[in-house]
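Student: Need a 3D model of the following:
(chains A and B)
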Amino acid sequence: MSNKELIRVEDLCKSFGKLQVLKNITESIHEGEVVSIIGPSGSGKSTFLRCLNLLERPTGGKVFFEGVDLADKKINVDKHRQKIGMVFQLFNVFPHLTVIENITLAPILEKKIPQAEAEKQACELLDRVGLLDKKNEYPTKLSGGQKQRLAIVRALAMEPDVILFDEPTSALDPEMVKEVLDVIKDLAVSGMTIVIVTHEMAFAREVSDRVLFMADGIIQEQGTPDYIFDQAKNPRTIEFLSKVL
Amino acid sequence: MFQTIIDLWIKYDYVYINGLLGTLILAAITVLVATIIGTIVAIMKLSKIKILDWITSLYIGILRGTPILLQLYFFWLLLPKIVPFELSDTACIIIALIVNASSYVAEVIRAGIQAVDKGQTEAAKSLGLSNYNTMRKIILPQAIKNILPALGNEYISMVKQTSLASVFFVQELMTAYKTVQSATFLAIPSLIIVGAIYLVVTTVLTKALTMFERRLNVNE
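Tutor: Residues are numbered from 1 along each chain as shown, chains lettered A, B, ... in the order given. Down below sits the predicted model:
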């Protein structure tokens, strides 16, 4: 892990109407780091993650990605989002496109990669996650786990510098959780920068370099997985972990 | 009665056929132009610019909230006064029909676009797709499946609504009925003939739309 700062948020605030969901969060994500975000529902984990690629526009503070303030209205946020992959809880694969079209769409349209080259790259990615034989199917024919693996390689096809995972296994049937976690684990091992909101505590402990515990719109406590899961000091962390472990 | 209908058709068939042509032309122009304007209105309504949303909401609200016959009178009386050139009754009525229909088309298209799961937009944005490409490649292809069946129904009601143009003696089927009726004093047989023609037109349209929808679903 290098020390290069990939994402930095400063004083990040987000309110929905009167409800303040994020309260002055300052935090950095470094290149090659795997960061898990855990915490009770409603704590602002997903909102925090969605602020990192500006799917939610912060109501206060700044989000820097590779030194560029994404909330700056003068920059083209679409260009920067190409380098920030995201995987969603409900997969959000494109139902009207075949598996391979799901993957090649963005590289062809936005990175102007020739179709043949994009398809070759897509096939390699599909092979990597065991979906090559499905490349001409429509997503309706896929299981939940397959859809999520497709969503992951769709994000990878843009060759992002970081991937954000928003509870990627929460909507899956239990027997499909492992196949998706295995793909994420491979990514983590390959050195990809990852920020993942998850309820899979064993997984967070195994793959993370750092675990953030969020509650009430702030990062209550953070540290190495061993620290958070064994030696947490904050009573909120201890209470939460006693309920889920 | 049956014999009267046959006799009436034989004697006045050209009146009814001209009426049918008038109806088809009115309907075709209305459908075509209203679809274009309606699409623009829908996109304006969905834009993030508040003032556009406000104006289009007012436009749609007024047109859907007042009777179409009132609107026909309004355009028929107002337009000749405010345009600097000669405008026929038919032109005024066509414009009124288009404006009215465009509000319904706009709502159908807006609803169809909004019915596409928000996650689709988010996924597209997260991949770095521009707004334009997100709309063109992700949202519209999915919205079209929601839009077409509802739009087909709108088209069929537009065909029927052209009958209101008879109030202003614009050449179309109901006007044909009136023409024959006033020449022969045979109201009910003439109505039956016109009704049958409408029924044929709307049935053919319905069948065509159903076939089109089915073909669209096969491609998935």
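Student: buried set for stretch A:131-141?
Tutor: Using 16 or more other C-beta atoms under 10 Å in any protein chain shown as the test for burial, stretch A:131-141 gives A:131, A:134-135, A:138-139. (Each C-beta comes from the backbone N, C-alpha and C, glycine too.)
Student: Show me which residues of chain A are close to chain B?
Tutor: A:53, A:55, A:78-86, A:88, A:90, A:92-96, A:105-106, A:109-110, A:138, A:140, A:151, A:154-155, A:158 (C-beta under 8 Å from any C-beta of the partner chain).
Student: dump the residue contacts of residue 173.
Tutor: Just so you know, I chose chain A. Taking C-beta atoms under 8 Å, 6 or more residues apart in numbering or on different chains, we find A:Asp173 in contact with A:144-145.
Student: other chain: chain B
Tutor: B:16, B:19-20, B:22-23, B:162-163, B:166, B:194, B:197-198.
Student: at 7 Å what do you get?
Tutor: Contact analysis of B:Leu173 by C-beta atoms under 7 Å, 6 or more residues apart in numbering or on different chains lists B:19-20, B:23, B:163, B:194, B:197-198.
Student: Between the residues you listed, which sits nearest A:Asn234?
Tutor: For the contacts of B:Leu173, the minimum distance to A:Asn234 (C-beta to C-beta) is 74.2 Å, reached by B:Ser163.
Student: Assess the claim that the closest one and B:Met174 are in contact.
Tutor: Yes. B:Ser163 lies in contact with B:Met174 (C-beta atoms under 7 Å); the separation is 4.2 Å.
Student: ok, the two, which is more surrounded?
Tutor: Using other C-beta atoms under 10 Å in any protein chain shown as the criterion, B:Ser163 and B:Met174 rank with B:Met174 on top: 21 against 17.
Student: Doesn't the more buried one lie inside a helix?
Tutor: Yes. Assessed with DSSP: H, G, I helix; E, B strand; the rest coil, B:Met174 lies in a helix.
Student: May I ask you to confirm that A:Leu97 is in contact with A:Ile103?
Tutor: No. Counting by C-beta under 7 Å, A:Leu97 stays clear of A:Ile103, with 9.1 Å between them.
Student: Of those two, which one has the most company?
Tutor: A:Ile103 (31 against 19).
Student: Backbone dihedrals for that one, please?
Tutor: Main-chain torsions, A:Ile103, degrees, to the nearest 10: phi -80, psi -40.
Student: B:Lys48 too?
Tutor: According to degrees, to the nearest 10, B:Lys48 has phi -80, psi -10.
Student: Next: A:Met86.
Tutor: According to degrees, to the nearest 10, A:Met86 has phi -140, psi 140.
Student: again, but for A:Ile219
Tutor: Torsion angles, degrees, to the nearest 10, at A:Ile219: phi -80, psi 110.
Student: Check the secondary structure at the closest residue in space to it that isn't next to it in sequence for me.
Tutor: Spatial nearest neighbour of A:Ile219, excluding adjacent residues (C-beta to C-beta, 6 or more residues apart in numbering or on different chains): A:Leu212 at 5.1 Å. Put simply, A:Leu212 is strand when judged by three-state DSSP.
Student: what's in contact with stretch B:47-66?
Tutor: Here stretch B:47-66 has contacts from B:41, B:44-45, B:71, B:99-100, B:103-104, B:106-107, using C-beta under 7 Å, 6+ apart.
Student: Quick one: classify the residue positioned nearest the centre of chain A as helix, strand or coil.
Tutor: Here the mean C-alpha position of chain A is nearest to the C-alpha of A:Leu164 (C-alpha atoms, centre = their mean), at a distance of 1.6 Å. Secondary structure, three-state DSSP: A:Leu164 is strand.
Student: Right, I'll leave it there.
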